[in-house]
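Colleague: Below: sequence and its predicted model.
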Amino acid sequence: MSESADRLSAARSRLNSLRVQAQRLAEQPNPSRHVVRPDSSIAGYALTELGGAVTQSLFGRKRPGQSFVRSISWNNLQAMRQRAITHSRNQAQAILSEVESEIRGLEGAIKSDDRLRLLHALAAARGSVRPQTMANRCLIVIDRVSYTSPNDLPKPSRAPQTNTQTAEDGAAILRSFERALQQHISHELSKQSPSWWADLVPKPVRDQAEHRRLQRERQWPWTKPDETDLIHFVDFKDYGKIITDSRNWETTFGSIFRDKEFVIQRLRELEPIRIEISHSRTLPDKDTIKLR
């Protein structure tokens with residue numbers, strides 16, 4: 001293993017421990033909306049009644065004492081919320097700083113463009129208002145590092161292959177990946193609606209897939225029905241449109257893929273590779289590595 005690969009592997013290991021902390025913080029309830037106080041309603045009621053009893057004995061009226069105690073309780077609650085927000089934000093900033101330190105330490109170990117993109121994403125995360133948002137953006141950066149290649153990645157050593165062998169290997173990898181992606185989309189969206197294709201797939205994607213299926217049925221009318229499911233006529237860029245559609249992203253795929261831009265970019269990179277394989281052309285080494 002090269003020095004760059006060793007450094008990247010060590011950084012990933014340390015980032016995985018930070019992932020646990022970031023995930024825990026991201027799943028915490030928003031402190032500005034929720035602060036747990038044991039028996040807060042009972043204690044508040046008792047204090048309010050006590051304040052009312054005191055002012056009634058002194059002035060013959062309960063309301064001033066009750067209002068005074070409610071004011072104190074409200075101020076205490078606000079102070080507790082602010083302390084919780086500050087604590088969560090300090091936690092998020094500490095995690096972000098450690099992630100940033102790891103990324104800066106990868107200088108020379110990964111491509112400078114990749115490193116700058118990661119640092120730019122962290123800079124955007126630092127401007128987040130909510131600690132949970134900051135933690136989620138840290139998770140996105142950590143996920144990106146897991147897909148980043150070492151700067152001096154050696155070319156795979158293998159026996160020379162013919163164009164046909166290379167195309168067959170690439171086609172097998174691509175077919176396996178695409179089948180898994182289709183099954184994942186179908187499985188997840190079917191949880192949201194039995195008629196998920198009509199309800200949750202954007203209309204332009206549906207129309208294009210239906211047009212492709214119609215063309216195939218005209219050419220090969222003996223095709224089996226299970227080989228003509230519409231999901232099998234979707235391009236890689238169309239998979240991205242389904243996954244990042246606002247309805248599907250919010251309810252299903254956002255928690256899985258986390259980063260819309262990352263998903264769109266990776267699927268877009270696979271589209272020309274798919275075209276090359278379909279024409280039995282030899283893939284450049286960089287495309288083979290990316291596909292694997």
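Modeller: Sure thing, it's come through. Fair warning: this is a prediction, and the values are worked out from it, not measured in the lab.
Colleague: these two touch, right, residue 12 and residue 145?
Modeller: Yes: using Cβ atoms under 8 Å, residue 12 is in contact with residue 145, at 6.1 Å. Using the backbone N, CA and C atoms, a C-beta is placed for each residue, glycine as well.
Colleague: And these two? Which one has more around it.
Modeller: residue 145 (21 against 16; other Cβ atoms under 10 Å).
Colleague: For the more buried one, identify the helix or strand it belongs to.
Modeller: If you go by DSSP states H and E, residue 145 is part of helix 131-147.
Colleague: what about that helix, average pLDDT?
Modeller: The average pLDDT for helix 131-147 rounds to 86.
Colleague: Name the next helix or strand downstream of that helix, please.
Modeller: With DSSP H and E, the next secondary element past helix 131-147 is helix 163-192.
Colleague: Show me what that next one is packed up against.
Modeller: In terms of contacts (3 or more Cβ pairs under 8 Å, 6 or more residues apart in numbering; DSSP states H and E), helix 163-192 is packed against helix 196-200, helix 236-244, helix 260-278, helix 285-291.
Colleague: and of the ones you listed, who's closest to residue 132?
Modeller: Residue 132 lies closest to helix 260-278 among those, at 18.0 Å (Cβ to Cβ).
Colleague: Specify the angle between the closest one and helix 163-192 in degrees.
Modeller: Put simply, helix 260-278 runs at 140 degrees to helix 163-192, going by axes from the mean of the first three to the mean of the last three Cα atoms, to 10 degrees.
Colleague: Flag the shaky bits of the protein, pLDDT-wise.
Modeller: Applying pLDDT under 70 to the chain flags residues 1, 30-77, 152-170, 219-228.
Colleague: Give me the most central residue, it.
Modeller: Nearest to the geometric centre of the chain sits residue 258, at 0.8 Å (Cα atoms, centre = their mean).
Colleague: Name the nearest residue to that one, sequence neighbours excluded.
Modeller: Residue nearest to residue 258 in three dimensions, not counting chain neighbours: residue 140, with 5.1 Å by Cβ to Cβ, 6 or more residues apart in numbering.
Colleague: Please list all residues in contact with that neighbour.
Modeller: By Cβ atoms under 8 Å, 6 or more residues apart in numbering, residue 140 lies in contact with 121, 258, 259, 262.
Colleague: between those, which is nearest residue 23?
Modeller: Among the contacts of residue 140, and counting by Cβ to Cβ, the member closest to residue 23 is residue 258, at 11.0 Å.
Colleague: I'd say the closest one and residue 137 touch.
Modeller: No: the pair residue 258 and residue 137 does not pass the contact test of Cβ under 8 Å, sitting 9.1 Å apart.
Colleague: Quick check: neighbours shared by the two?
Modeller: If you check residue 258 and residue 137 against Cβ under 8 Å, 6+ apart, no residue is contacted by both.
Colleague: And stretch 240-254, what's buried?
Modeller: Across stretch 240-254, burial judged by 16 or more other Cβ atoms under 10 Å covers 240, 241, 242, 243, 244, 245, 248, 249, 252, 253, 254.
Colleague: can you count the residues close to the closest residue to the third one other than its chain neighbours?
Modeller: This points to residue 242. Setting aside the residues directly before and after it, residue 242 is nearest to residue 201 in space (Cβ to Cβ, 6+ apart), at 5.6 Å. Around residue 201 sit 21 other residues, with neighbours defined as other Cβ under 10 Å.
Colleague: Much appreciated, bye for now.
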